[in-house]
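>>> Return atomic coordinates for the entry below.
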Amino acid sequence: MKPSLILAGAFALMSAFPAAAELMKVPSQKPVAETMDALRAAVEGAGATVFARVDHAAGAQKAGLELDGAQLLIFGNPKLGTPAMQADIRAGLYLPLKVLAYEDAEGQVWLTYEDPAAMLSGLDVPADAGFLAKMQGALGKLTAAAAQ
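Purely as a prediction, here's the structure:
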């Protein structure tokens, strides 16, 4: 097989799979539930809507399985999310925003979220869209407030 065909095949295969998520991590000095309570308060204080809080560890326990503390908060603000969906309706697959609070094997609690610019990079969303910077800033401020 010609090297150019192999290279073309490799590029085609790589473009068929989404890029790896760019995850942002913020350490917290509080337990998972307390960290998530603080995040929820920060989100609501900022005027965003909390849609759901998922306790993964509780779900695992109900299934007779063990999982270190892990909770997910799903929230959003139409003033930020709607422009993303106007740019590309498929942004709705990634919105509302989500932040995971979890305890790692060493007992450290983390707040983790996907960088919005990376999350929406495969869509028809301009890389310099103002709403991306606003989402990044909001997630940074909210997780920093919750981790204190």
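>>> Quick check: buried residues in the host helix or strand of Phe75?
Counting by DSSP states H and E, the secondary-structure element that holds Phe75 is strand 70-76. For strand 70-76, the neighbour count (16 or more other CB atoms under 10 Å) marks 70-73, 75-76 as buried. Placement of C-beta: from N, CA and C, glycine included.
>>> residues in contact with stretch 135-148?
24, 26-30, 35-36, 38-39, 41-43, 46, 48, 77, 80, 84, 97, 99, 101, 111, 113, 115-117 (CB atoms under 8 Å, 6 or more residues apart in numbering).
>>> How about the contacts made by Thr35?
For Thr35, the set of contacting residues under the criterion of CB under 8 Å, 6+ apart consists of 28, 101, 109, 111, 146-147.
>>> hang on, isn't Ala87 packed against Ala127?
No - in this structure Ala87 lies outside contact range of Ala127 using CB atoms under 8 Å: 11.0 Å.
>>> more neighbours, the two?
Set Ala87 next to Ala127 and count neighbours by other CB atoms under 10 Å: Ala87 wins out with 17 against 8.
>>> Output the below-cut-off pLDDT ranges for this protein.
The chain contains residues with pLDDT under 70 at 1-20.
>>> can you pull out the helices in it?
In chain order, the chain shows helices spanning 3-16, 32-45, 56-62, 78-87, 116-119, 130-147, with DSSP state H as the criterion.
>>> most tightly surrounded among those helices?
Comparing the helices of the chain by mean neighbour count (mean count of other CB atoms under 10 Å), helix 116-119 comes out on top with a mean of 22.
>>> I'd like to know how many residues surround Ser28.
Other residues close to Ser28 by other CB under 10 Å number 23.
>>> residue contacts, it?
For Ser28, the residues meeting the contact criterion (CB under 8 Å, 6+ apart) are 35, 101, 109-111, 146-147.
>>> change it to 7 Å
When contacts are counted by CB atoms under 7 Å, 6 or more residues apart in numbering, Ser28 touches 35, 109-111, 146-147.
>>> would you list these in TSV and tack on distance to Met135?
Formatted as TSV, these follow (distance: CB to CB, whole Å):
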residue	distance to Met135
Thr35	20
Val109	23
Trp110	20
Leu111	15
Ala146	16
Ala147	18
